[in-house]
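>>> Compute the structure for the input listed below.
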Amino acid sequence: MKKKTKVGTPFPTFPHGGRSALNPPEIVRTKDGSDTLFVSELNEHYHSVHGAIQESDHIFIRNGVSTYPGDQVRIFEVGFGTGLNTLLTLIECIGNKKVLYTAIENYPLESELVTGLNYPGFFPGICPEIFKKLHSCRWDVVNKITETFRLHKMMGDLTSMQLYGEFDIIYFDAFGPEKQPEMWSDDIFRKISGITARNGILVTYSAKGEVKRSLIRNGFKVSLLPGPPGKRHFIRAVKI
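Reported below is the predicted structural model:
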């Protein structure tokens, strides 16, 4: 049931997050009431049909950024997609952390599709203006979203781009290994390892054995944690 189309996709007309020659994704309601997107040509949803917000919150927030002890955190997301992980991170960190959030994305969603997503309704005190700003702010520059949240959306393909900087948390939210194997290769995890700070955290919905082994080969200590509803396990790894 995973996942959103990501950078470096084997479907060149539909790289991560974009739609190009394919039909526009369809907004569908998941079991927790929040929306996701469905790509009919690939028969794939962007998030778990058991709950989009529930899944993102469990994996990337509760077992990612909320476990980080510092009051300043640098996050790198493989993918931007619907902006759900970014939005939940901003909400989680209000009042307790300054965030520099970097996300790499090849093709952004069109604004008409973004405005149809119902995420703002779950957080009426913060959205919809913040959610709109996450998507409408400029690419390839650091944008001030709030006093404590900076967003840098990088337009590009992770398989061919060089990465720079150092990050405390990695959200690895690429399309699944069976659909996009090049995004789960040793080459990619070597790149990711190179920008992950010592004791930095990587979280991903995948629990595949080869993903675990690749992370271990590239300097991570890997744990399998209980997943959200509809998923038995997911990976949480620490850079050693």
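
>>> all contacts plus neighbour counts: C-alpha atoms, from now on.
Will do.

>>> For this protein, just list every one of the strands.
Per DSSP state E, the chain carries strands over the ranges 26-29, 35-39, 44-45, 72-78, 98-105, 142-146, 149-155, 167-172, 196-204, 220-226, 233-239.

>>> Indicate which one of these is closest to Val211.
Evaluated with CA to CA, the strands of the chain place strand 233-239 nearest to Val211, the distance being 8.7 Å.

>>> can you give me the offset of the lowest-mean-pLDDT helix or strand in the chain from its chain's centre?
Within the chain, confidence by mean pLDDT, DSSP states H and E is lowest for strand 44-45 among all helices and strands, at a mean of 80. Put simply, strand 44-45 sits 15 Å off its chain's centre (CA atoms, centre = their mean, to the nearest Å).

>>> Show me what it is packed up against.
strand 35-39 (3 or more CA pairs under 8 Å, 6 or more residues apart in numbering; DSSP states H and E).

>>> low-confidence ranges in the chain?
Residues of the chain meeting the criterion pLDDT under 70: 1-22.

>>> And the residue nearest the centre of it?
Asp173 (4.3 Å; CA atoms, centre = their mean).

>>> Tell me if I'm right that it and Gly79 touch.
Yes. Counting by CA atoms under 8 Å, Asp173 does reach Gly79; the two are 6.3 Å apart.

>>> Let me see the contact set for Tyr86.
Check again: residue 86 is Thr, not Tyr. When contacts are counted by CA atoms under 8 Å, 6 or more residues apart in numbering, Thr86 touches 80, 101, 134.

>>> Highest neighbour count among the residues you listed?
For those, the largest number of neighbours (other CA atoms under 10 Å) sits with Phe80, at 30 neighbours.

>>> Trp139 - nearest residue in space that isn't next to it in sequence?
Nearest in space to Trp139, with sequence neighbours left out and distances taken as CA to CA, 6 or more residues apart in numbering, is Lys153 at 5.1 Å.

>>> Contact partners for the one you found?
Going by CA under 8 Å, 6+ apart, Lys153 touches 80, 102-105, 138-142.

>>> 10 Å instead?
Lys153 is in contact with 76-77, 79-80, 101-106, 108, 134-135, 137-143, counting by CA atoms under 10 Å, 6 or more residues apart in numbering.

>>> What are the boundaries of the helices in this structure?
With helices called from DSSP state H, the chain shows them at 52-56, 84-93, 111-116, 129-136, 186-195, 209-217.

>>> winner for burial among these?
Stretch with highest mean neighbour count among those: helix 52-56 (a mean of 22; mean count of other CA atoms under 10 Å).
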